[in-house]
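Need coordinates for the below:
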Amino acid sequence: MKKRSRIEKLRNIGIIAHIDAGKTTVTERILYYTGRSHKIGEVHDGEAVMDWMADEQERGITITSAVTSCQWAGCEIQLIDTPGHVDFTIEVERSLRVLDGAVGVFCAVGGVEPQSETVWHQANKYRVPKLAFINKMDRVGADFFGTLDQMVDKLKAHPLVLQLPVGKEDEFKGVIDLLDMKFIVWDDDSLGAHFEAVEIPPQHLEEAQKYREKLIETVADTDDLIMETYLADEPIERGRLIDAIRKATIGLQLVPVLCGSALKNKGIQPLLDAIVRYLPSPLDLPPIEGLDPDTKTAVSCPPRDNHPLAALIFKVSMIEGRKLSFVRVYSGRLEAGKEVFNATRGGKEKLARILRMHANKRERLDVAGAGSIVGVVGLKKAGTGDTLCLPDRQVVLENIEVYEPVISVAVEPKTHSDQDRLEQVLEKFLAEDPTLSVKQDPDTGQIILSGMGELHLEVIISRMQREFNTQVNVGKPQVVYRETIAASAEAEAVFEKEVAGSAHFGAVKLKVSPTERGSGNVFESKVDESVIPQAFLPAIEKGVMESLAAGALMGYPVVDVKAEVVDGRFNEHHSSELAFTVSASMACREALAKAEPYLLDPIMEVEIYVPEEYMGEVIGDLNSRGGKIEGIEAKSGVQEIMAMVPLARMFGYSTSLRSATQGRGTFSMRFSHFDKI
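Down below sits the predicted model:
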């Protein structure tokens, strides 16, 4: 039998799910049963290995994606535990960008919750093969088959049931493995480390045979050879069935489904077996493609150590004041002490150290080969989304999409020493988090910090104080609006001045008009070359776009506007790019002021889970906040209300919901779009 290569035995996976579905608890069990950690860290005790930040331990949630690795069945599993809270979606996005497979964890009670949908669709965007683990089978209201139905309805997934639960809620005993037709029972005394596969109890045999038949039928639909064997009524070899499931999983045709209770230490070892069996190694996926920065032609980067280097920085972290870059090596090798080329920013950098990560613990490596996910120290200029390669074989990999901030707070230093530190601290946070933005208000001189939600900004301010000992006063959260216009308008501006001893002249007449909501800003020119030479159009466009960055009404960015150059004048001797940029900017500002500008609110998609008896009060409260009910759906024991609500009216909503439902209601929200209320 051919010896399998290191890369074949590699599994780069992420644990993804809605907040509180049990991702970190699953990860802690994986680390314990693979021998990576010697005790089980519980999230509720603030002792989870992967939730190592003080804020994570206090709040009992994952804030930053943590990287670790462990061994199982002769394979190395490189694992990223991602956050479930919508405010930290960028952490999931950039992790999925570099992973080869994912485990979606679903709560057997909550089913497919809002953030589960978001992360599932993010995984689909990057064509990441997935397994599903239905967790919390021991909880009151656990519904294995209800969750399967929601996977089909909400995620449009094709679940392949590999296990059936035996019992549920406090009667949950173990699982039936439909592949081997065995009943797996865990030993509570060994914290679930010991388990045995026994004969299926007679009362469950009929159901197990029915689902075994369904499993083979589902796999046969994706594999001709199994279909032939199945139709001929011949026995199907176990190895052949595993190979077919693996192929269908990697081809995104099926999602194998397992179940258990991570908190009660049941179901994790078969999940590890499934990760090794069904999720891909880097060799099972098509090689990633990048672009040659000079020729703009596609460059294939196969997962081989002996190919030219292609590696993506997917995250930057400031740990103990030092910059740590997280890198996925797609092709070639990284070597400590050697120079690499940053093709995104153009420039050489030296790799001081390469580290194998285990949450916030590190182990030094000399070399990291293709498929590795490692930490790198020594890259001074590199940022999230940058590509590392060789100077003579340059390639740029696809960047990571970032999200627009929707909420702001004003921060100001408490003391003079805090003033000195604040700028440096914010610079570090900006390098770490692409969804954070900082600007100075020109009128008040305040520093405005913008992020993805109240929790996001709360955590940043808490980290400022804890990690960098920088004390700040914080203003009330403010909504980040957008501006647009209701009518068309024209304006003309002339710039004629002497600057630094040279005369400058430019005259531009612009027309601005509203476009369809969500279509973005458009720039066009309708003037002849004889009126304004083509060479000056980029300068005019620059002036227009600068004006659209701060609107006439309240200085918010202007969206969904078409700006057309309809006339102008130039002087052969004195016209310059500076003159046309300034005149275009002045004309655009004047036209926007005339075009009936108005504000657009960020509208949030809100999903609320409430017991039926509180429905009237919750809906009344939503209506008073200007919310629009999109739908109501009955779930096990609760009602799910879907609504669109302006963000400005959602401040303090968690307190209102708790008091209206005696603490039994929960909600989640995510940004949907900008619109006029």
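
residues of stretch 476-493 that come out buried?
Neighbour-count burial for stretch 476-493 flags 477, 479-485, 489-493 (criterion: 16 or more other CB atoms under 10 Å). From N, CA and C alone the C-beta is placed, and that goes for glycine too.

Only C-alpha atoms, please: export it in CSV.
Only the C-alpha atoms of stretch 476-493 are listed here, as CSV (Å, rounded to 0.1, in the frame of the first residue of the first chain):
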residue,chain,number,x,y,z
LYS,A,476,-23.3,57.0,23.5
PRO,A,477,-23.4,54.7,20.5
GLN,A,478,-24.4,56.6,17.3
VAL,A,479,-25.8,55.1,14.1
VAL,A,480,-23.7,55.4,11.0
TYR,A,481,-26.2,56.7,8.4
ARG,A,482,-25.8,57.2,4.7
GLU,A,483,-27.1,60.1,2.6
THR,A,484,-28.7,60.2,-0.9
ILE,A,485,-30.8,62.5,-3.0
ALA,A,486,-34.4,62.7,-4.1
ALA,A,487,-34.1,64.9,-7.2
SER,A,488,-31.7,65.8,-10.0
ALA,A,489,-29.7,69.0,-9.9
GLU,A,490,-26.9,70.8,-11.7
ALA,A,491,-24.1,73.1,-10.5
GLU,A,492,-21.0,74.7,-12.1
ALA,A,493,-17.7,75.6,-10.3
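
following the helix or strand Asp418 falls within, which helix or strand comes up?
Element membership for Asp418, per DSSP states H and E: helix 416-432. Proceeding N to C from helix 416-432, the next assigned helix or strand is strand 437-440, under DSSP H and E.

In the sheet, which strands lie alongside that next one, parallel or antiparallel?
Strand 437-440 has the following sheet partners, assigned by DSSP bridges: strand 447-451 (antiparallel).

relative orientation of the helix or strand that the partner strand is followed by and helix 416-432 in degrees?
For strand 447-451, the succeeding helix or strand toward the C-terminus, using DSSP H and E, is helix 454-468. Going by axes from the mean of the first three to the mean of the last three CA atoms, to 10 degrees, helix 454-468 is angled at 120 degrees with respect to helix 416-432.

Neighbouring strands of the helix or strand following helix 454-468 in the sheet, and parallel or not?
Later in the chain than helix 454-468, the nearest helix or strand by DSSP H and E is strand 472-474. Here strand 472-474 has these sheet partners by DSSP bridges: strand 407-413 (antiparallel).

contacting residues around the partner strand?
Applying CB atoms under 8 Å, 6 or more residues apart in numbering, the contact partners of strand 407-413 are 419, 421-422, 441, 444, 446-454, 456-457, 461, 470-480, 647.

Please list all residues in contact with the residue nearest to Asn306 when sequence neighbours are not counted.
Of all residues beyond its chain neighbours, the one nearest Asn306 is Gly332 (7.8 Å), with distances taken as CB to CB, 6 or more residues apart in numbering. Going by CB under 8 Å, 6+ apart, Gly332 touches Arg304, Asp305, Asn306, His307, Pro308, Leu309, Ala310, Ala311, Ala370, Leu390.

per-residue confidence at the residue sitting furthest away from the middle of the chain?
Outermost residue of the chain with respect to the C-alpha centroid, by CA atoms, centre = their mean, is His573; its distance is 52.7 Å. Per-residue pLDDT puts His573 at 83.

That one and Ala539: what is the separation?
Plainly put, His573 is 17 Å away from Ala539 if you go by CB to CB, to the nearest Å.

likewise Lys348?
33 Å.

Give the helix, strand or coil label for the most centrally placed residue in the chain.
What sits nearest the mean C-alpha location of the chain, by CA atoms, centre = their mean, is Glu93, with 2.4 Å. Three-state call for Glu93 (DSSP: H, G, I helix; E, B strand; the rest coil): helix.

my guess is it meets Ala123, correct?
No. With contact defined as CB atoms under 8 Å, Glu93 does not count as touching Ala123 (10.0 Å).

So for Lys348 and Ala539, which residue has more residues nearby?
Ala539 (22 against 9; other CB atoms under 10 Å).

Next, the more buried one: phi, psi?
In terms of degrees, to the nearest 10, the main-chain angles of Ala539 are phi -70, psi -40.

same question, Ala660
The phi/psi pair for Ala660 (degrees, to the nearest 10) reads phi -70, psi -20.

And it, how far from Phe183?
Per CB to CB, Ala660 is found 45 Å from Phe183.

out of these two, which sits in the more crowded spot?
Remark: of Ala660 and Phe183, Phe183 carries more neighbours, 21 against 17, as counted by other CB under 10 Å.

For that one, list the residues it contacts.
Counting by CB under 8 Å, 6+ apart, Phe183 touches Val166, Gly174, Val175, Ile176, Asp177, Ala197, Val198, Glu199, Ile200, Pro201, His204.

Equivalent analysis for Val257, please.
Val257 makes contact with Leu131, Ala132, Phe133, Ile134, Leu148, Met151, Pro159, Leu160, Val161, Leu162, Gln163, according to CB under 8 Å, 6+ apart.

helices and strands of the protein: which one bottoms out on pLDDT?
Between all helices and strands in the chain, the lowest mean by mean pLDDT, DSSP states H and E belongs to helix 54-59, at a mean of 46.

which of the residues in the helix or strand just after it are buried?
Once the chain leaves helix 54-59, the next helix or strand it forms, by DSSP H and E, is strand 66-72. Applying a neighbour-count criterion of 16+ other CB under 10 Å, one finds Ala66, Val67, Thr68, Ser69, Cys70, Trp72 buried in strand 66-72.

how much space between the nearest residue to Leu285 once chain neighbours are set aside and Arg6?
Distances taken as CB to CB, 6+ apart place Asp100 nearest to Leu285, at 5.9 Å, with adjacent residues excluded. According to CB to CB, Asp100 and Arg6 sit 14 Å apart.

Comparing the two, which residue is more hemmed in?
Taking neighbours as other CB under 10 Å, Asp100 and Arg6 compare with Asp100 leading, 24 against 13.

show me what contacts Met615?
Here Met615 is in contact with Ile632, Gln639, Ile641 (CB under 8 Å, 6+ apart).

The closest residue to the last one other than its chain neighbours bridge partners, please.
Just to be clear, that refers to Ile641. Excluding the flanking residues, the one nearest Ile641 by CB to CB, 6+ apart is Ile608, at 4.5 Å. Counting by DSSP bridges, Ile608 forms beta bridges with Ile641, Phe667.

Check whether Ile608 really touches Arg664, as I assumed.
No. Shown here, Ile608 and Arg664 do not form a contact pair, counting by CB under 8 Å, at 11.3 Å.

Name the residue in those two with the higher neighbour count.
The neighbour comparison of Ile608 against Arg664 (other CB under 10 Å) goes to Ile608, with 27 against 14.

sorry, back to before: quick one: contacts for the residue farthest from the centre of the chain?
Here His573 is in contact with Ala503 (CB under 8 Å, 6+ apart).

Against Gly475, how distant is it?
For His573, the distance to Gly475 - CB to CB - is 51 Å.

Would you map the helices across the stretch 551-677 of the chain?
Remark: helices assigned in the stretch 551-677 of the chain by DSSP state H, counting those that start in this stretch are 577-594, 615-624, 653-660.

same deal with the stretch 51-200 of the chain?
Going by DSSP H, counting those that start in this stretch, the stretch 51-200 of the chain shows helices at 54-59, 89-98, 114-125, 144-155.

Single out the most deeply packed of those helices.
Among these, helix 89-98 has the highest mean neighbour count (mean count of other CB atoms under 10 Å), at a mean of 24.

Run through the neighbouring helices and strands of that one.
The contact analysis (3 or more CB pairs under 8 Å, 6 or more residues apart in numbering; DSSP states H and E) places helix 89-98 against strand 10-16, helix 114-125, strand 310-319.

could the ones you listed be laid out in CSV, adding mean pLDDT?
Shown next, in CSV, are those (pLDDT from 0 to 100):
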stretch, mean pLDDT
strand 10-16, 90
helix 114-125, 77
strand 310-319, 83
